[in-house]
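J.: Quick one, fold the following:
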Amino acid sequence: MGVSLLSNPLTGIKQSQTVLIIFASTLVSVMGVSLISPALPTIQAAWNISASQASLLISAFTLPGIVLTPFIGLIADRVGRKRVLVPSLFLFGVSGIVVVFVDGFTTLLGLRVVQGTAGSAIMSLTVTLLGDLFSGEQQSRLIGLNAAILAIGAAGYPLLGGGLALLSWAAPFVCFGLGIVVAVAGSAVLPEPQSSMGSSGLSYVANAARSVAVAGSAVLPEPQSSMGSSGLSYVANAARSVPTRLALGLYIAIFGIFFILYGAQLTVIPFILDESYGLSSGAIGLLLGLPAVTMGLTSSQSSRLMRHLSPPRLITLGFVTYGIGMTLAALAPSIPVLAGALFLFGIGQGFAEPITDTALNTLTPDAFRGGIMSIRTSVLQFGTTLGPPVFVAVASIVGYPNTLLIAGIAALALGVSAFGLLTLSKTAPSTRSRSVTDK
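T.: Predicted structure coming up:
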């Protein structure tokens, strides 16, 4: 498949470099929570703060994205993806490293807010760019691989962060410098593409160029945009550009995916492995990496899966698999059975996450993709923020195994509900000659 939305489409090595930068950016964005979570006890001791205060380092990172990401998407649609992505990568890296040198916890939290804003922009724009630059089966395959990379990072960074925290509370924060490396490397190897925007777009870019000094450090080829002058008009037009019921179903699915991932897999399961089996943090980290294996294998085949099953069926199958996995984990009598349940978690995410991203990209017009996909990131961040406290709160009442059992039933119900919302729409565009609604 070819690359779209470019005056001079990328081919060969340039296309590979573009994909590499997108994937590297995904690895950067997922660092924010996964790398720091295992270091929280060390940070708590080093700063002489309470556990609740230490947990604010996670909330300060995730909360800004819920509110600010849609506005970031609007800016990206107006001035271009690259002019938002490159500064965001730099800001993410710099705000992370500067944490090492601060001497006040309030300042540290402020830096995490800044970093969280940048991280949300990066996470949103990686999927947006894949939708801009690629189409058809190639788009589906790359979105699947991007989801696999995200899962691998989410599973692998806790091991890295926990190990570095043994050296110093500040050591994990040094890793955020990868954001700077990705931005510099990308700007050094990728050319600045030509733009074929209309006169109003050129005027806008000219004005933006006078106020944005980073325009020359572009990393990625720039998709065209056809935005109006009014922010309110943009919001109204973006809302009218997609089938509301279908988009709502996909957003519900995205929320559920990350609510379960962060609430069940990354929060409840570690407590069960600790309390029920007495495993060390290293062994827990290895087991939590199992879902990444099946997630990667499943999501990398998403384009092939969509040849046989429509996106609604695959998304529903993902939530059904989540439900079976959580139920099995709740009733598991041994570590091998629990490991099998974790493999099912990965399969469920491999079915659901890349398919929802592909379907959302497919139904979104090019001019509004940044805004629509940024809402996706806000919903995602809401799921990651709400999942852990909700699961822990329920577990404090009924226990961790029963919490997983309840969540398993809820996942099945959510899958059926999302399927109903998706299939009610009759107007969605096709994905490789196949409607995103069910047959």
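
J.: can you map out the helices along the stretch 51-200 of the chain?
T.: Assigned helices in the stretch 51-200 of the chain, in chain order: 51-79, 81-98, 105-133, 136-165, 171-174, 178-189, 199-211 (criterion: DSSP state H, counting those that start in this stretch).

J.: Just send these back as JSON lines, with mean pLDDT, mean neighbour count and distance to I43 too.
T.: Quick note: C-beta positions are derived from backbone N, CA and C, even for glycine. Formatted as JSON lines, these follow (pLDDT from 0 to 100; neighbours: other CB atoms under 10 Å; distance: least, CB to CB, whole Å):
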{"stretch": "helix 51-79", "mean pLDDT": "78", "mean neighbour count": "20", "distance to I43": "5"}
{"stretch": "helix 81-98", "mean pLDDT": "90", "mean neighbour count": "24", "distance to I43": "14"}
{"stretch": "helix 105-133", "mean pLDDT": "87", "mean neighbour count": "24", "distance to I43": "9"}
{"stretch": "helix 136-165", "mean pLDDT": "79", "mean neighbour count": "22", "distance to I43": "8"}
{"stretch": "helix 171-174", "mean pLDDT": "92", "mean neighbour count": "22", "distance to I43": "9"}
{"stretch": "helix 178-189", "mean pLDDT": "83", "mean neighbour count": "19", "distance to I43": "20"}
{"stretch": "helix 199-211", "mean pLDDT": "35", "mean neighbour count": "12", "distance to I43": "38"}
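
J.: Tell me which of the ones you listed approaches P401 most closely.
T.: Evaluated over these, closeness to P401 peaks at helix 136-165, with 22.1 Å, by CB to CB.

J.: Not counting its neighbours along the chain, what's nearest the residue sitting nearest the centre point of the chain?
T.: Centroid-nearest residue in the chain, with CA atoms, centre = their mean: M123, separated by 5.2 Å. In space, and not counting its chain neighbours, M123 is closest to S29: 4.1 Å by CB to CB, 6 or more residues apart in numbering.

J.: quick one: that neighbour and T117 touch, right?
T.: No. Taking CB atoms under 8 Å as the definition, S29 is not a contact partner of T117, at 11.7 Å.

J.: before we move on, back to that, for the residue nearest to M123, which residues are in contact?
T.: Listed by CB atoms under 8 Å, 6 or more residues apart in numbering, the contact set of S29 reads 92, 119-120, 122-123, 126, 150.

J.: For it, give me the pLDDT.
T.: Among the per-residue scores, S29 shows a pLDDT of 88.

J.: State the distance from it to L331.
T.: Distance of S29 to L331, computed by CB to CB, to the nearest Å: 35 Å.

J.: try F391
T.: Relative to L331, and taking CB to CB, F391 is found at 17 Å.

J.: Ok, T298 next?
T.: T298 is 23 Å from L331, by CB to CB.

J.: Which residue of those two possesses the greater neighbour count?
T.: A count of neighbours by other CB atoms under 10 Å puts T298 above the other of T298 and L331, at 26 against 14.

J.: check which helix or strand covers the more buried one.
T.: Using DSSP states H and E, T298 sits in helix 290-299.

J.: how big is the angle separating that helix from helix 136-165?
T.: Angle between the axes of helix 290-299 and helix 136-165 is 170 degrees (criterion: axes from the mean of the first three to the mean of the last three CA atoms, to 10 degrees).

J.: Can you name every helix or strand that the helix or strand that helix 290-299 is followed by contacts?
T.: Sequence order places helix 302-308 as the next helix or strand after helix 290-299, per DSSP H and E. For helix 302-308, the packing partners by 3 or more CB pairs under 8 Å, 6 or more residues apart in numbering; DSSP states H and E come out as helix 136-165, helix 311-331, helix 335-363.
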